[in-house]
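S.K.: coords below, sequence missing:
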């Protein structure tokens, strides 16, 4: 009897409501801080830190109203795109435009890898020349083994493009932009039950999301791993709609490649795993869910195994990597009042401990306890610290897209030069992205409130689970706005649905008011 009562109370719908409630609190906070200010850069070429700038709440609310009015009239285009064929054609044109602009941006910005981008490029070149010293004890790829995936991809590209492999990587990333757009369209159709206006809003938002293009020259895994991750989401949704065995291959390969190229994308894989587990709990007869979970796990393990096998003869198996605990503790530092930003803590501690991961973990855990004691004794400081950390990562409308690509090696085109030089185009783009972020958080908050009772299937929240996971992860890990950028693109399907719901409710309210009058 108690067991049956438990089953009646704790079901999939309960989990949906619990998640929706928590996500509502998160997005209410994000919107609140977004209304009151923004994160900015003063000089991207020399300083990657985010600084706080206060905004007028009233002015930002007026901007939201103005944006809503413009979006309302844009939404009227749905009359022309009622057929799926026309919407498919529109999606193809959207992909075509995105690729062209991405290629244009790579060509006109003339950027060269810097920081970790340059390191992975250098070691890819050294590996191809037979020098694997970076895998020796204390070497860069020994202490940061998560970089081996992107290094291997650059090695493969170098075989075909020689010393221009970094440029080939940039153009390849631009060519792969449809791998974000098309899965996003599919996600909107699935989440919104094929709502035409929501789909039109999504295409508008993804095409005008400037950071997506600005990260195409970034020779690292942030964008390319998301492209593979979104393909995995498409495969996942496709399996839910109509299960086929060959789709498991698609799902496994795309998830495996995504994690190989950037390990932080594991949060998206975990989100899909949560959906699978909940479906198995409440629908144990659904063998397809077990197969989907197995395909994802096998894809990740397989590609990690391939990398391990590829370098097992040249890798020092006794060499330790910097443990995760050191990155977590570094994420709690407050040096120069930049909450949780990189300060060499993990690197220095690792070498002080003789490059011993176990010893490093012991010291890191001791430091972690000190931070916990500090927070217990001064709760107001703890709130201030994590507020500043959240603000710097989740309230910078440009998402460090210029700062992370600021090493210029040739004369830039006029548009790129104006933007990089903080000219009028930069100001316009920056202001647009501020409005974009306001609409983003406001729309998703509204969607969560409206869908609280309607969405009783956890798979509707799949991308949003990843976003919330990324939000929690960003509070613990090293702070950097760039790390939040992939979650921006994951939010766009929900942004589109939220805008559609908001405008629909406003229209319904105005119609009722007119009838009463």
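M.R.: It's in. In this text, all values refer to a predicted model and were calculated from it rather than measured experimentally.
S.K.: any idea how far the closest residue to residue 232 other than its chain neighbours lies from residue 170?
M.R.: Counting by Cβ to Cβ, 6 or more residues apart in numbering, residue 232 lies nearest to residue 254, which is 3.9 Å off, once chain neighbours are set aside. Where C-beta positions appear, they are placed from N, C-alpha and C, glycine not excepted. Separation of residue 254 from residue 170 (Cβ to Cβ, to the nearest Å): 21 Å.
S.K.: ditto for residue 464
M.R.: Computed with Cβ to Cβ, the distance linking residue 464 and residue 170 is 30 Å.
S.K.: ok, now residue 455?
M.R.: According to Cβ to Cβ, residue 455 and residue 170 sit 39 Å apart.
S.K.: cool, residue 323 as well?
M.R.: 33 Å.
S.K.: Pass me the low-pLDDT residue ranges in this structure, would you?
M.R.: 1-9, 45, 509-517 (pLDDT under 70).
S.K.: for it, which helix is longest?
M.R.: helix 485-516 (DSSP state H).
S.K.: tell me which strands and helices it is in contact with?
M.R.: helix 57-75, helix 178-191, helix 196-207, helix 210-214, helix 221-241, helix 424-451, helix 462-476 (3 or more Cβ pairs under 8 Å, 6 or more residues apart in numbering; DSSP states H and E).
S.K.: Using the three-state scheme, assign residue 398.
M.R.: Assigned with DSSP: H, G, I helix; E, B strand; the rest coil, residue 398 falls in the coil class.
S.K.: residues near the closest residue in space to it that isn't next to it in sequence, how many?
M.R.: If the residues on either side of it in the chain are set aside, residue 398 comes closest to residue 433, at 5.8 Å by Cβ to Cβ, 6+ apart. Neighbour count of residue 433, defined by other Cβ atoms under 10 Å: 22.
S.K.: what do you get for residue 382?
M.R.: Neighbours of residue 382 under the rule other Cβ under 10 Å: 16.
S.K.: can you offset everything so residue one is 193?
M.R.: Will do, 193 is the new start, and the previous item becomes residue 574.
S.K.: residue contacts, it?
M.R.: 566, 567 (Cβ atoms under 8 Å, 6 or more residues apart in numbering).
S.K.: what about it, which helix or strand?
M.R.: Here residue 574, judged by DSSP states H and E, is contained in helix 571-586.
S.K.: Could I get the buried residue list for that helix?
M.R.: 574, 577, 578, 580, 581, 582, 583, 584, 585, 586 (16 or more other Cβ atoms under 10 Å).
S.K.: Distance to residue 639 for these - can I get that in JSON lines?
M.R.: Shown next, in JSON lines, are the buried residues of helix 571-586 (distance: Cβ to Cβ, whole Å):
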{"residue": "574", "distance to residue 639": "31"}
{"residue": "577", "distance to residue 639": "30"}
{"residue": "578", "distance to residue 639": "25"}
{"residue": "580", "distance to residue 639": "28"}
{"residue": "581", "distance to residue 639": "26"}
{"residue": "582", "distance to residue 639": "21"}
{"residue": "583", "distance to residue 639": "23"}
{"residue": "584", "distance to residue 639": "26"}
{"residue": "585", "distance to residue 639": "22"}
{"residue": "586", "distance to residue 639": "18"}
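S.K.: tell me the angle of the helix holding residue 574 relative to helix 616-643?
M.R.: 120 degrees (axes from the mean of the first three to the mean of the last three Cα atoms, to 10 degrees).
S.K.: Run the angle between helix 571-586 and helix 677-708 for me.
M.R.: Using the same axes, to 10 degrees: helix 571-586 against helix 677-708 is 90 degrees.
S.K.: I'm done for today, thanks for sticking with me.
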